[in-house]
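[1] pasted the sequence and its predicted model underneath.
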Amino acid sequence: LNFVAASSGLFVLLMLIVGVLSIIPALRDSVTKPGAMQDWLKLLIQIMGLMMAVFYYLGFAPPRFLIRNWQLAELQEFFSKMSEKGATQPIKDVTEHLCVSAERAVGGLASGVILWNRDLKKFDLYMSQGNNNFSGEINIDGGIIEKVWKNNTSLFAEEKEEISNQEKHLLKELEAKVLLAIPINTQENKWGVLLIFLLHPPLFPGDDIHLLELFSRQAALILDYSLILSREQALGAQLENFIRFTPASVAMFDNDMCFLACSQRWITDYEIEGQEIIGKSIYEIFPKMLEDWKGIHQNVLAGAVERRSEDKVTRSNGKTDWMRWEMRPWYKKDQSIGGIMIFTEVITDLKAAEDELRAAKETAESANIAKSNFLANMSHELRTPLNAIIGYSEILIDDAQDDGNTGIIPDLQKITMSGKHLLTLINDILDLSKIESGKMELYIETLNIASMIRDISVTIEPLIKKNNNQLNVNYPDSSLNMESDLT
């Protein structure tokens, strides 16, 4: 710009010299020649044209170049501030820097930023320092601010033009005559509108609007990066809390096996309470780790998934535990491996419970064998005298019939039936043992239903009479038979 201004000044100076040199001969000739009046008029017109060219340069060209130079310096300073603080600065600081720099660049009376509040679905106005009393929620309907927001185009309007009552109120309170409105947005997000309040219309409105668009676009980029950073930080905090409070022993490592995050359960299980482990290598926290584990870590960092359903582990304090663990890689957005995730579970108590259960099972099986042996022995001991009782009762029945002593035969028959019933119960107990061992066999035979019911009635009749009850059995056809196992 300085070069252009110097070149332009030199060009005007040359024009002035040429003009003077051309005027001097004309002036000399006009004095000596006839028709001098007409020549004087021509000379006057030439002088006026030359003066207009000089006044144009002196009145417009240098101020414009100076203004451009000054505005670009403001823009450069604004860019430096934004780059220095980056996306970590609060939105309030970004809007404040934007207002101050843009206001100074175009010589405004005041400035402000209207931002769209995504959470509350409303517009908020942030004014520059000294005009904070105008800050707060604002309605943009019906004015140039709404047009700029919807159409994404920069506009300026004077007080006498069609603007909203809200915009008229701001112009009046700020004692301004002109409002410049510049959109603040990127291709991804619409953030709001930059407002510049001027006392007079800009001398070069196109240049000023283009400059302010550079300011607003840079601010929008910073706001975009700030939004992305805040989302990543929120996601990182959520992930960290998820890992920290998950009810399992979980840890996340980078490619150098340095801790990125771990659960509270991990800290408890590995007895490292009070140690600062984030950012430190697992080999630094557990210096006595076996080389076998390091080899497994390298396999997982190469893309493998390693797991064990149960593994015997000796800790640094000499304690032995049983553990279940799994290791798998985690991936970045570009699908490259960023590190590994390790899940471990101490199953020492579960292993002890399994051992106790196994021992209990063996004890139960031994007891079952002992029971089967007992039943086999007892059944033999009981069946022998029962068979004798049944045999003697049958002999007594035969003797009573031979002697004609029929009165005692029913009682002898009850003895025989009860003995047979008890023998059946003993056989049933043996059958239960056979069922448990899977050796039960069925013996299908033809049974007379009436006879079977009669035997059952004789067996339970003493119990019925003991409680003064009565049993009535009716079976009209005594010849009905069935195929079944009598036992």
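    Good, I have the coordinates.

[2] you'd agree P287 is in a strand?
    No. P287 is assigned coil when assessed by DSSP: H, G, I helix; E, B strand; the rest coil, not a strand.

[3] gap between the closest residue to Q166 other than its chain neighbours and L125?
    Closest residue to Q166 apart from its sequence neighbours, by Cβ to Cβ, 6 or more residues apart in numbering: N139 at 5.9 Å. The way it works is simple: take the backbone N, C-alpha and C, and place the C-beta from them, glycine included. Going from N139 to L125 by Cβ to Cβ, to the nearest Å gives 10 Å.

[4] where in the stretch 351-487 of the chain is pLDDT low?
    Within the stretch 351-487 of the chain, the stretches with pLDDT under 70 are 375-380, 382, 431-441, 476-478, 486-487.

[5] can I get the longest strand along the chain as CSV, trimmed to CA atoms?
    With secondary structure taken from DSSP state E, the chain has its longest strand at strand 320-331. What follows is strand 320-331, C-alpha atoms only, in CSV (Å, rounded to 0.1, in the frame of the first residue of the first chain):
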residue,chain,number,x,y,z
THR,A,320,-1.3,-65.6,45.0
ASP,A,321,-4.7,-64.9,43.4
TRP,A,322,-6.7,-66.4,40.7
MET,A,323,-7.8,-64.0,37.9
ARG,A,324,-9.9,-63.8,34.8
TRP,A,325,-8.7,-61.2,32.3
GLU,A,326,-9.0,-60.0,28.7
MET,A,327,-6.9,-57.5,26.7
ARG,A,328,-7.9,-55.9,23.4
PRO,A,329,-6.7,-52.9,21.3
TRP,A,330,-8.7,-49.7,21.0
TYR,A,331,-8.6,-47.7,17.8
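
[6] and I340, what are its bridge partners?
    On the basis of DSSP bridges, I340 is bridged to F253, P329.

[7] counting neighbours, what do you get for it?
    25 (other Cβ atoms under 10 Å).

[8] do the same with E167
    E167: 24 neighbours (other Cβ under 10 Å).

[9] hmm, L179 and it touching each other?
    Yes. Shown here, E167 and L179 form a contact pair, counting by Cβ atoms under 8 Å, at 6.1 Å.

[10] now list whatever residues contact both of those two.
    I144, A157 (Cβ atoms under 8 Å, 6 or more residues apart in numbering).

[11] which stretches in the stretch 101-250 of the chain count as strands?
    Taking DSSP state E, counting those that start in this stretch as the criterion, the stretch 101-250 of the chain carries its strands at 110-117, 122-127, 136-138, 155-158, 178-185, 190-198, 249-254.

[12] now the ones you listed as TSV including mean neighbour count and mean pLDDT?
    Formatted as TSV, the strands of the stretch 101-250 of the chain follow (neighbours: other Cβ atoms under 10 Å; pLDDT from 0 to 100):
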stretch	mean neighbour count	mean pLDDT
strand 110-117	22	91
strand 122-127	19	90
strand 136-138	13	87
strand 155-158	18	86
strand 178-185	24	92
strand 190-198	25	92
strand 249-254	20	91
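
[13] same list (the ones you listed) but as JSON lines, adding distance to A304.
    Shown next, in JSON lines, are those (distance: least, Cβ to Cβ, whole Å):
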{"stretch": "strand 110-117", "distance to A304": "49"}
{"stretch": "strand 122-127", "distance to A304": "53"}
{"stretch": "strand 136-138", "distance to A304": "57"}
{"stretch": "strand 155-158", "distance to A304": "62"}
{"stretch": "strand 178-185", "distance to A304": "47"}
{"stretch": "strand 190-198", "distance to A304": "46"}
{"stretch": "strand 249-254", "distance to A304": "15"}
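
[14] residue furthest from the geometric center of the chain?
    No residue in the chain has its C-alpha farther from the mean C-alpha position than D403, which lies at 100.9 Å (Cα atoms, centre = their mean).

[15] list the contacts of that one.
    Counting by Cβ under 8 Å, 6+ apart, D403 makes contact with nothing.

[16] need phi/psi at it.
    phi -80, psi -10 (degrees, to the nearest 10).

[17] just the helices in this structure please.
    Applying DSSP state H to the chain gives helices spanning 2-32, 36-59, 61-85, 91-106, 144-151, 165-173, 205-245, 264-269, 282-285, 291-301, 348-403, 409-437, 449-466.

[18] what's the neighbour count on the residue nearest to Q166?
    Neighbours around N139, by other Cβ under 10 Å: 14.

[19] give me the pLDDT for it.
    Note on N139: pLDDT of 88.

[20] how about the one 10 residues further on?
    Note for W149: predicted pLDDT of 92.

[21] list the contacts for it?
    Contact analysis of W149 by Cβ under 8 Å, 6+ apart lists I114, W116, I140, P183, K190, G192, V193.

[22] from A181, how far off is it?
    Per Cβ to Cβ, W149 is found 9 Å from A181.

[23] swap in N299?
    Taking Cβ to Cβ as the measure, N299 falls 61 Å from A181.

[24] same thing with L120?
    22 Å.

[25] ok, now K150?
    Using Cβ to Cβ, K150 is found at 12 Å from A181.

[26] ditto for D208
    Separation of D208 from A181 (Cβ to Cβ): 12 Å.

[27] cool, R217 as well?
    Where A181 is concerned, R217 sits at a distance of 15 Å (Cβ to Cβ).
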